[in-house]
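# with the input below, show me the fold.
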Amino acid sequence: MVLSKRFSKDMSPMLPSVEEAKDAEEEEGSHSLGGIPSRPPSRPLPHLSQGSADNKTGMRSTTARSVTEEDENPEKNEDVPAEEETVTEEQTEDSDKSKETVDDWDTDLEIEEVKHSYDPSGKARYLSACQVFGVVPVSYFLRHMGDSELIMRHHGLGAEAAKAIAVSLVTNTSIVNLDLSDNWLEGEGAMAIADMLKENCYISELHLCDNKLALRGAKALSLMLLENITLQKVNLSGNEFDDRTASYFSEAIMNNQKVESLDLSHNMFGDGSGTT
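Predicted coordinates for the structure are as follows:
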């Protein structure tokens with residue numbers, strides 16, 4: 001069939017040229033390796049691409065890199081939080097222990113603040129006792145509390161002042177000779193002195209002459225002599241003791257093995273006291 005030149009001329013724009021067909025065959029052949037056709041590249045043509053990375057350096061996100069590494073090593077990532085948790089627990093335990101230690105130190109400091117210095121003379125106790133019993137502290141007594149002998153005759157102390165003195169002498173370790181003669185102690189003051197001598201183990205000589213001790217004083221001092229083991233010399237002369245008190249003193253004399261001298265002169269003992 002022969003086509004006219006005009007018809008072929010008119011159809012030429014609609015048909016691909018032979019050169020274009022050759023180019024297509026060459027391009028298709030370029031993607032075959034050893035006779036086996038290969039997959040053509042999937043990269044779009046330059047004029048259809050949104051951008052080209054030719055001759056450019058791309059920045060890779062660190063976040064994307066870390067995510068990729070975590071995906072590649074899931075076991076390693078699981079171990080890290082466990083180790084961190086262990087370290088955190090150890091730090092918490094250490095902090096708790098240190099806190100407890102600090103609390104213990106605080107408790108020790110508080111205890112030390114509460115403690116008072118030892119007062120062998122009993123001065124602080126005496127001043128406090130004077131406030132309790134409502135009496136004025138005796139300056140002479142304060143000056144001689146550290147002496148081995150306390151001679152306080154004729155001071156007119158009375159029962160309340162004697163109570164304050166007795167409170168301080170409970171812990172006094174200096175006085176060994178106590179003389180409170182002629183101070184109107186009466187039975188109540190004698191009871192305070194007797195209670196003190198049940199605790200004090202340093203006083204070895206006691207003088208309570210002329211104090212109107214009477215029956216109450218005799219009872220208190222006799223009971224004290226049954227317990228005290230340090231007194232060696234006791235002078236109770238002139239205290240209005242009568243036959244009613246003789247039985248108390250006789251019991252104390254028979255049971256106390258430490259007293260070497262007991263003076264009961266100038267009292268009101270009768271014939272009945274001799275038979276007791």
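# need the strands for the chain, in chain order.
When assigned using DSSP state E, the strands of the chain occupy the ranges 32-33, 36-37, 149-151, 177-179, 205-207, 233-235, 261-263.
# mean pLDDT and distance to F133 added to those, as TSV?
Heads up, the C-betas are built off the backbone N, CA and C, glycines and all. Formatted as TSV, the strands of the chain follow (pLDDT from 0 to 100; distance: least, Cβ to Cβ, whole Å):
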stretch	mean pLDDT	distance to F133
strand 32-33	48	123
strand 36-37	48	125
strand 149-151	96	19
strand 177-179	98	19
strand 205-207	98	22
strand 233-235	97	25
strand 261-263	95	29
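# so which of these is nearest S247?
For S247, the closest of these is strand 261-263, at 14.8 Å, according to Cβ to Cβ.
# name the surrounding residues that touch the closest one.
Strand 261-263 is contacted from outside by 232-237, 249, 253, using Cβ atoms under 8 Å, 6 or more residues apart in numbering.
# neighbouring strands of that strand in the sheet, and parallel or not?
strand 233-235 (parallel) (DSSP bridges).
# and the strand it pairs with, what's buried?
234-235 (16 or more other Cβ atoms under 10 Å).
# repeat for stretch 245-262
For stretch 245-262, by 16+ other Cβ under 10 Å, it's 245-246, 248-249, 252, 256, 259.
# save those residues as CSV, and put in pLDDT too.
Listed next are the buried residues of stretch 245-262 as CSV, based on pLDDT from 0 to 100:
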residue, pLDDT
T245, 93
A246, 92
Y248, 94
F249, 94
A252, 94
N256, 93
V259, 95
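# out of those, which is nearest to L178?
V259 (14.7 Å).
# which residues does the closest one contact?
225, 231-234, 253.
# so S237 makes contact with F269?
No - in this structure S237 lies outside contact range of F269 using Cβ atoms under 8 Å: 11.5 Å.
# nearest to I151, of the contacts of strand 261-263?
Looking across the contacts of strand 261-263 and measuring by Cβ to Cβ, the closest to I151 is N235, at 12.6 Å.
# so what's the closest one up against?
181, 206-209, 261, 263.
# and S222, how many neighbours does it have?
20 (other Cβ atoms under 10 Å).
# again with L226
Neighbours of L226 under the rule other Cβ under 10 Å: 13.
# before we move on, back to that, mind putting the strands of the chain in a markdown table, distance to D119 included?
Formatted as a markdown table, the strands of the chain follow (distance: least, Cβ to Cβ, whole Å):
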| stretch | distance to D119 |
| --- | --- |
| strand 32-33 | 111 |
| strand 36-37 | 113 |
| strand 149-151 | 16 |
| strand 177-179 | 18 |
| strand 205-207 | 23 |
| strand 233-235 | 27 |
| strand 261-263 | 32 |
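# can you check which of those gets nearest to M196?
Closest of the strands of the chain to M196 is strand 177-179, at 9.3 Å (criterion: Cβ to Cβ).
# which helices and strands does the closest one pack with?
strand 149-151, strand 205-207 (3 or more Cβ pairs under 8 Å, 6 or more residues apart in numbering; DSSP states H and E).
# and of the buried residues of stretch 245-262, the nearest to Y140?
Of those, the one sitting nearest to Y140 (Cβ to Cβ) turns out to be V259, at 28.1 Å.
# and the contacts of V259 as JSON lines, adding distance to S139?
Listed next are the contacts of V259 as JSON lines, based on distance: Cβ to Cβ, whole Å:
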{"residue": "L225", "distance to S139": "32"}
{"residue": "L231", "distance to S139": "28"}
{"residue": "Q232", "distance to S139": "30"}
{"residue": "K233", "distance to S139": "28"}
{"residue": "V234", "distance to S139": "28"}
{"residue": "I253", "distance to S139": "38"}
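# neighbours of the residue nearest to R125 when sequence neighbours are not counted, how many?
Excluding the flanking residues, the one nearest R125 by Cβ to Cβ, 6 or more residues apart in numbering is S168, at 4.7 Å. Counted by other Cβ under 10 Å, the residues lying close to S168 total 25.
# and S168, how far from F133?
Distance, S168 to F133, by Cβ to Cβ, to the nearest Å: 12 Å.
# tell me the two of the contacts of N235 that are most distant?
The span of the contacts of N235, defined through Cβ to Cβ, is set by S181 and S261 at 15.6 Å.
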